[in-house]
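Visitor: What would the 3D arrangement of this be:
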Amino acid sequence: MASNLYTNGDLASVPNLEKNLHLLSPHQVEIAKTLLELGQSHLFEHWAEPGVDDDEKRALFDQVTLLNANYPGGLESYIKTARELLADSKAGKNPFDGFTPSVPEGDILTFGDDNFIKFEEMGIREVGRAAFVLVAGGLGERLGYNGIKVALPRETTTGVCFLQHYIESVLALQEASYAYNLSQGDQGEKKIIPFVIMTSDDTHARTLQLLESNSYFGMEPKQVKLLKQEKVACLDDNEARLALDPQNKYRIQTKPHGHGDVHSLLFSSGLLNVWHDAGLRWVLFFQDTNGLLFNAIPAAIGVSATRQYHVNSLAVPRKAKEAIGGITKLTHINDGRTMVINVEYNQLDPLLRASSQYPDGDVNSSETGYSPFPGNINQLILELGPYIEELTKTKGGIKEFVNPKYKDASKTSFKSSTRLECMMQDYPKTLPPTARVGFTVMDAWFAYAPVKNNPEDAAKVPKGNPYHSATSGEMAIYRANSRILRKAGVYVADPVLEIFNGQEVEVWPRITWKPKWGLTFNDIKKKVSGSCSISQRSTMIVKGRNVFLENLSLDGALVIDDDGVEEDAKVRVGGSVHNKGWNIEKVDYKDTSVAEELRIRGFRIIKIEQLEKNGKE
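Guide: Here you go, the predicted model:
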């Protein structure tokens, strides 16, 4: 093996490797040869004499073997792609060169109208044939929270974390779909909705521990599958030389590759074919801390089924130049090929200005007050059959990009190492023009309240723009639930404005319910009757499925369950409920005596007095 390397002339510049070849297995020698052919001889220039750091030298090859195995096409493909993308970056090449933008086809839904209700009903019928994929590779450090993001409480009246809410939502959809299809004469057995979580080195063990210590929040363990995302090699320069770890000269520095890896993980796991054989039709992707996303899912799946979309991107109305990507149709001026994709907000305005149709760039429509290009919220619904066909061609690989931070205008060296990245929502970039790609727009108040900014960053957000913080995320849940009940006929008092952690937010009554109580607007309308009212200072938590509000006047705190009643029995709650209730107390985010999950909100709930009702009473 050594002589084979030598005759290729590769060892002439790496005598330190040649001296240590006897430490390596034949397979590792082949890997060394490949690395040298790929211009990576610098990895061995600092190698010590044989007998020094020998285990570390072997460990480098273990790491390279892993990096090679975890990337479609191996390191050779990774470095080749990196060189091409780095050359384009240095040249300032426009990724959209030759394409003209236009507004794609899609549905803009109005919550609660007949059209919306029709789509929700269709979605409940279809959702039993869906699989859900949660992309949860990130920690909460950017939020000022040291845990995994899915462990963060979605809201603090109940303390239910994001992961519990997501699992309970999927279970409720599973039950509702089965019940609906049974009512339509389908006597088939109940379908179990698969639930996949993409984790990372940072989150895998803690996600598993959260699930196991909480009995999977009511899900069967076999229903949940964790797929761990691996990192990719960092790059030191425009020649795509692999970067050595600053902490260990026998390791290659690695960083996350991006959430686009979810596609290759699903492909390599074999799960997609298992689902297809089981009769599933849809795969729904979502991210870790949007507390409102399940509001949108029934209607969005209904749109996918009705329009027969291969790809349906969930979206919200978007203000021009808002820091959220816009869903855009791109048509090539030469060959006419088209694609409907997310264009990042910082690329959208120059792309529009360069076209004759949008000389003013990204501006709001005078009719709607919003940009005609809807805002991408990174929730995708894919039809399983065409998805499998596409991934069979690409092996799950997604179009990548590179974002090096250059030291100066010469673009010859980087401030720090970079790497290739990919995004889940770039999946449509490789689809043929025949693919049916659309979008579904829903109001942001109803469907979109991500939690991603820490208090200091959120407080710096320009007035009128969303904070996307733990503060705004929790208040958005109360606002959405209040507005949904208003639409169902309940008098809900107007909110008051308060400032928490430097963020001015609307404080609505603190209304929450378990997903099984109200998955669709029709569900909720059927469970509210008579003259119901809720004051602004009130808190209402509904835990049971068969809870019915009838002529309820609430001024205080009310917790309702249907424990102790037979499955189909109804728990009716009405009359006047008045007590001291639960108060909101402000908290300074710098006060380390307060738990992190409360500090980052700027408030905590003080439970003074409440009425608790259940089916036994």
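Visitor: Tell me the predicted confidence for Leu11.
Guide: With respect to pLDDT, Leu11 has a value of 56.
Visitor: Ok, Lys118 next?
Guide: On the pLDDT scale, Lys118 is placed at 97.
Visitor: What are the phi and psi values at it?
Guide: The phi and psi torsions at Lys118 (degrees, to the nearest 10) take the values phi -60, psi -40.
Visitor: Which helix or which strand is home to the closest residue in space to it that isn't next to it in sequence?
Guide: Leaving aside its chain neighbours, Lys118 sits nearest to Gly302 (7.3 Å; criterion: CB to CB, 6 or more residues apart in numbering). Every C-beta, even on glycine, is put in place using the N, C-alpha and C of the backbone. Under the criterion of DSSP states H and E, Gly302 resides in helix 293-307.
Visitor: in that helix, what's buried?
Guide: Across helix 293-307, burial judged by 16 or more other CB atoms under 10 Å covers 293-305, 307.
Visitor: rewinding a little: might one say that the residue nearest to Lys118 is in contact with Glu126?
Guide: Yes - taking CB atoms under 8 Å as the definition, Gly302 is a contact partner of Glu126 at 6.9 Å.
Visitor: hang on, the earlier thing: which pLDDT value goes with the residue nearest to Lys118?
Guide: Model confidence at Gly302, given as pLDDT, is 98.
Visitor: Against Lys429, how distant is the closest residue in space to Cys422 that isn't next to it in sequence?
Guide: Using CB to CB, 6+ apart and skipping the chain neighbours, the partner closest in space to Cys422 is Gly260 (3.0 Å). From Gly260 across to Lys429, the span is 10 Å (CB to CB, to the nearest Å).
Visitor: shared neighbours of the two, anything?
Guide: With contacts taken as CB atoms under 8 Å, 6 or more residues apart in numbering, the residues that reach both Gly260 and Lys429 are Ile398.
Visitor: Compare neighbour counts for the two and give me the winner.
Guide: More neighbours surround Gly260 than the other of Gly260 and Lys429, with 22 against 15 (other CB atoms under 10 Å).
Visitor: just checking, Tyr250 is part of a strand?
Guide: Yes - going by DSSP: H, G, I helix; E, B strand; the rest coil, the assignment for Tyr250 places it inside a strand.
Visitor: and it, what is it in contact with?
Guide: Taking CB under 8 Å, 6+ apart as the definition, contacts of Tyr250 comprise 53, 56-57, 59-60.
Visitor: Spatially, what comes nearest to Asp53 if we skip its sequence neighbours?
Guide: On the basis of CB to CB, 6+ apart, the spatially nearest residue to Asp53 that is not a chain neighbour turns out to be Tyr250, at 6.5 Å.
Visitor: Quick one, grab the pLDDT at the one you found.
Guide: Spelled out, the predicted local distance difference test score at Tyr250 is 95.
Visitor: Quick check: bridge partners of the residue nearest the centre of the chain?
Guide: Most central residue of the chain, judged by C-alpha distance to the mean C-alpha position with CA atoms, centre = their mean, is Gln287 at 1.6 Å. Here Gln287 shows beta-bridge partners Val135, assigned using DSSP bridges.
Visitor: Out of the buried residues of helix 293-307, flag the one nearest to Thr338.
Guide: Within the buried residues of helix 293-307, the smallest distance to Thr338 is 16.9 Å, found for Arg307 (CB to CB).
Visitor: Who are the contact partners of the closest one?
Guide: With contact taken as CB under 8 Å, 6+ apart, Arg307 is in contact with 107, 436, 438.
Visitor: 6 Å instead, please
Guide: Under the criterion of CB atoms under 6 Å, 6 or more residues apart in numbering, the contact partners of Arg307 comprise Gly438.
Visitor: contact partners of the lengthiest helix in the chain?
Guide: Longest helix in the chain by number of residues, with DSSP state H as the criterion: helix 162-183. Surrounding helix 162-183, the residues in contact under the criterion CB under 6 Å, 6+ apart are 124-125, 127-128, 132, 150, 152, 154, 190, 193, 195, 217-219, 289, 294, 515-516, 519.
Visitor: Which residues does the helix or strand just after it contact?
Guide: Taking DSSP H and E as the definition, the helix or strand that follows helix 162-183 towards the C-terminus is strand 195-199. Contacts with strand 195-199, where a contact means CB under 6 Å, 6+ apart, come from 132-136, 170, 207, 223-229, 262.
Visitor: Neighbour-wise, which one of those residues leads?
Guide: Looking at the contacts of strand 195-199 with neighbours defined as other CB under 10 Å, the largest count falls to Val170 at 28 neighbours.
Visitor: Distance of Asp591 relative to Asn20?
Guide: Taking CB to CB as the measure, Asp591 and Asn20 are separated by 55 Å.
Visitor: Kindly report the same for Leu382.
Guide: The spacing between Leu382 and Asn20, counted by CB to CB, is 48 Å.
Visitor: So these two - more neighbours on which side?
Guide: A side-by-side neighbour count of Leu382 and Asn20, using other CB under 10 Å, places Leu382 first with 25 against 22.
Visitor: for the more buried one, what are its contacts?
Guide: Residues in contact with Leu382 (CB under 6 Å, 6+ apart) are 283, 311.
Visitor: For the protein, give me the ranges with low pLDDT.
Guide: Where the chain drops to pLDDT under 70, the residues are 1-12, 187-188, 564-567, 615-617.
Visitor: Break it down into its structural domains.
Guide: With the TED database serving as the domain definition, the record reports that the chain contains domains spanning 8-70, 96-452, 470-614.
Visitor: and Val461, which of the ones you listed is closest to it?
Guide: Evaluated over the domains of the chain, closeness to Val461 peaks at domain 470-614, with 7.9 Å, by CB to CB.
Visitor: Straight-line length of the closest one, end to end?
Guide: Looking at domain 470-614, the gap from its leading to its trailing residue is 31 Å under the measure CA to CA, to the nearest Å.
Visitor: And it, how far out from the chain middle?
Guide: Relative to the mean C-alpha coordinate of its chain, domain 470-614 is positioned 26 Å out (CA atoms, centre = their mean, to the nearest Å).
Visitor: number of nearby residues for Pro350?
Guide: 12.
Visitor: mind checking the SS state of the closest residue in space to Arg241 that isn't next to it in sequence?
Guide: What sits nearest to Arg241 in space, not counting adjacent residues and going by CB to CB, 6+ apart, is His42, at 5.9 Å. The assignment at His42 comes out as helix when based on three-state DSSP.
Visitor: what about His42, neighbour count?
Guide: Using other CB under 10 Å as the criterion, His42 is surrounded by 16 other residues.
Visitor: one step back: cross the contacts of helix 162-183 against strands and list the overlap.
Guide: Secondary-structure check on the contacts of helix 162-183 using DSSP state E: residues within strands are 132, 195.
Visitor: Among the contacts of helix 162-183, name the ones in helices.
Guide: 124-125, 294.
Visitor: Let me know the closest of the residues you listed to Leu351.
Guide: Nearest to Leu351, judged by CB to CB, of the ones in helices among the contacts of helix 162-183 is Phe294 at 32.7 Å.
Visitor: Spatially nearest residue to the closest one (excluding sequence neighbours)?
Guide: Computed as CB to CB, 6+ apart, the closest residue to Phe294 that is not its neighbour in sequence is Ser169, at 4.1 Å.
Visitor: so how far is Val303 from the residue nearest to Cys422?
Guide: When CB to CB is the yardstick, Gly260 and Val303 sit 24 Å from each other.
Visitor: for Ala447, same thing?
Guide: The span separating Ala447 from Val303 equals 13 Å under the rule CB to CB.
Visitor: Give me the buried positions along stretch 267-287.
Guide: The neighbour-count criterion (16+ other CB under 10 Å) identifies 267, 271-272, 275, 280-287 as the buried residues of stretch 267-287.
Visitor: Make CSV out of those and add distance to Ile477 and secondary structure.
Guide: Formatted as CSV, the buried residues of stretch 267-287 follow (distance: CB to CB, whole Å; DSSP: H, G, I helix; E, B strand; the rest coil):
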residue, distance to Ile477, secondary structure
Phe267, 35, helix
Leu271, 31, helix
Leu272, 33, helix
Trp275, 31, helix
Leu280, 30, coil
Arg281, 30, coil
Trp282, 26, strand
Val283, 26, strand
Leu284, 20, strand
Phe285, 22, strand
Phe286, 16, strand
Gln287, 17, strand
